[in-house]
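Student: how would this look folded up:
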Amino acid sequence: MKYTILIADDSRLYFEEIEKAFRQLGDGYKLIWADTGKMAYNLAEKHHPDLILMDVIIPEMNGVQAIKALKENPKTADIPVIMLSSPESLYAAYESGAHDFISKPFNYYELLMRVRSSLTLIDKIKEIKKQKEKLEQENYKIFRQQKEMIDDITYSKRIQNAILPTENLIKSIFPDHFILDIPRNIVSGDFYWVGQKGDKKIVAVADCTGHGISGAFMTMAGIAFMNDIYNRYNTEDPAEVLYLLREHVMKLLQQKGIEGEASDGLDIALCIIDERERHINFAGANNPAYIINQKGLQILKADRMPIGIHVNFTMPFASTSIGYNQGDMLYLFSDGFPDQFGGPENKKFRYKQFQDLLTMIHSLPLNEQRDVLRQTFYNWKGEEEQVDDILIFGIRL
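Tutor: Model prediction:
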């Protein structure tokens, strides 16, 4: 490696003496001479030498002024400088930005040792800079990859939102409702679905295996399957809907009941509401639903098996029929809220506390219920990581 060294001294004799000393070190050095401070500054900016030996007393711009100017210039600020002068100039040399000092007249052995030491330091600095640049490039590459991935996921969120029932559709079926949807990641593994045939109104809330991208893929399949079942089959039995949904999911995931195969699928609560008769037909796969009125909370219990492969995947789901009064609240939800860790002892929120909270707020306007639930969730979670997607669908019957 060949080093470029700029020597700024108004004495040609000193330059020749230094040049003679460097010949002892071999031909790995290129020396440039400047006889004024201004010339040294210009040559440093042009050639960007590895090291500068700067005399203090030189014409036009003295050494201290030249060093200060070099250090203020971004192009030359990182070039190390050894000051050549009397000890009286030591303080001024370091104040200006010089990193070493050699008294004149100097000992050649000391000069060479100081130069060697400085060049070794330069090599280390260059290597560190090289590694830093490589690291910055890698970090930028990672940043770009992460940005592209986040952009893709954000676009996937738009697609996911586009296939969910629109707010106008939901409002036309359930005028008084709220939806609290807090994904763990950008996209969610939970979804909701609504429909209506005559006097029968249908609502479902599902929790797919996983969250993020893997869960989002299942939500899109689940919504598509619900649309297909709704359009192709004329059934008023929610248990039959879940049975058909299970067939679709198992076919999609190629689940055949073989030992050891993936148990992906979804949990769901589904209600078919007959407003004329004022009763609800309910079926659930792991996920229950709640009805709350002035008399208290009633649990619509789900079957303890998912939509998908399970030890009991040949068993039918069961339907529950229950009456209701106008003004009762119906809640369908995933398990993300009760399972969230937090609070003073960092424990799960749990279903009992969730039930108590819903009972306490059920008579509030729907938007206020949603706000209380959201604030309670974040207060409970605190600084803890969100463990799952949150979805709560509340309906004033």
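
Student: Can you get me the start-to-end distance on stretch 16-30?
Tutor: By Cα to Cα, to the nearest Å, the extent of stretch 16-30 from end to end equals 13 Å.

Student: And it, what's buried?
Tutor: If you call a residue buried by 16 or more other Cβ atoms under 10 Å, then stretch 16-30 has these buried ones: 17, 18, 21, 22, 29. No exception for glycine: its C-beta is placed from N, CA and C like everyone else's.

Student: Give me the next element, helix or strand, following the helix or strand residue 126 falls within.
Tutor: Secondary structure from DSSP states H and E places residue 126 in helix 108-163. Moving toward the C-terminus from helix 108-163, the next helix or strand (DSSP H and E) is helix 167-173.

Student: Redo the buried residues of stretch 16-30 as TSV? Include secondary structure, pLDDT and distance to residue 297.
Tutor: Formatted as TSV, the buried residues of stretch 16-30 follow (DSSP: H, G, I helix; E, B strand; the rest coil; pLDDT from 0 to 100; distance: Cβ to Cβ, whole Å):
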residue	secondary structure	pLDDT	distance to residue 297
17	helix	77	97
18	helix	77	92
21	helix	74	94
22	helix	75	91
29	strand	79	87
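
Student: Which of those residues sits closest to residue 69?
Tutor: For the buried residues of stretch 16-30, the closest approach to residue 69 (Cβ to Cβ) belongs to residue 18, at 22.5 Å.

Student: what residues are up against that closest one?
Tutor: Residues near residue 18 by Cβ atoms under 8 Å, 6 or more residues apart in numbering: 7, 9, 31, 53, 111.

Student: hmm, 10 Å instead?
Tutor: Residues in contact with residue 18 (Cβ atoms under 10 Å, 6 or more residues apart in numbering) are 5, 7, 9, 31, 33, 53, 84, 106, 108, 111, 112, 115.

Student: Over to residue 267?
Tutor: Contact analysis of residue 267 by Cβ under 10 Å, 6+ apart lists 190, 205-209, 284-287, 302, 305-308, 334-335.

Student: Lowest average confidence across helices and strands of the protein, where is it?
Tutor: helix 90-96 (a mean of 63; mean pLDDT, DSSP states H and E).

Student: What residues of the helix or strand just after that helix count as buried?
Tutor: Heading C-terminal from helix 90-96, the first helix or strand you meet, by DSSP H and E, is strand 100-103. Neighbour-count burial for strand 100-103 flags 100, 101, 102 (criterion: 16+ other Cβ under 10 Å).

Student: can you put those in JSON lines and add distance to residue 168?
Tutor: Below are the buried residues of strand 100-103 laid out as JSON lines (distance: Cβ to Cβ, whole Å):
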{"residue": "100", "distance to residue 168": "76"}
{"residue": "101", "distance to residue 168": "79"}
{"residue": "102", "distance to residue 168": "83"}
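
Student: So which of these is the closest to residue 238?
Tutor: Closest approach to residue 238 among the buried residues of strand 100-103 (Cβ to Cβ): residue 100, at 84.3 Å.

Student: Return the per-residue confidence for the closest one.
Tutor: We have a pLDDT of 72 for residue 100.

Student: before we move on, what about the one 5 residues further on?
Tutor: Predicted confidence (pLDDT) at residue 105: the value is 69.

Student: thinking again about what came up before, which strands and helices sit next to the helix holding residue 126?
Tutor: strand 3-8, helix 12-23, strand 51-55, strand 81-85, strand 100-103, helix 212-232 (3 or more Cβ pairs under 10 Å, 6 or more residues apart in numbering; DSSP states H and E).

Student: Domain parsing of the protein, as residue ranges.
Tutor: Annotated domains of the chain cover 3-131, 164-396 [automatic domain parsing].

Student: Nearest to residue 138 among those domains would be which one?
Tutor: Residue 138 lies closest to domain 3-131 among the domains of the chain, at 10.3 Å (Cβ to Cβ).

Student: who's in contact with the residue lying closest to residue 275 once chain neighbours are set aside?
Tutor: Among residues not flanking residue 275 along the chain, residue 199 sits closest, at 5.6 Å (Cβ to Cβ, 6 or more residues apart in numbering). By Cβ under 10 Å, 6+ apart, the residues touching residue 199 are 273, 274, 275, 276, 277.
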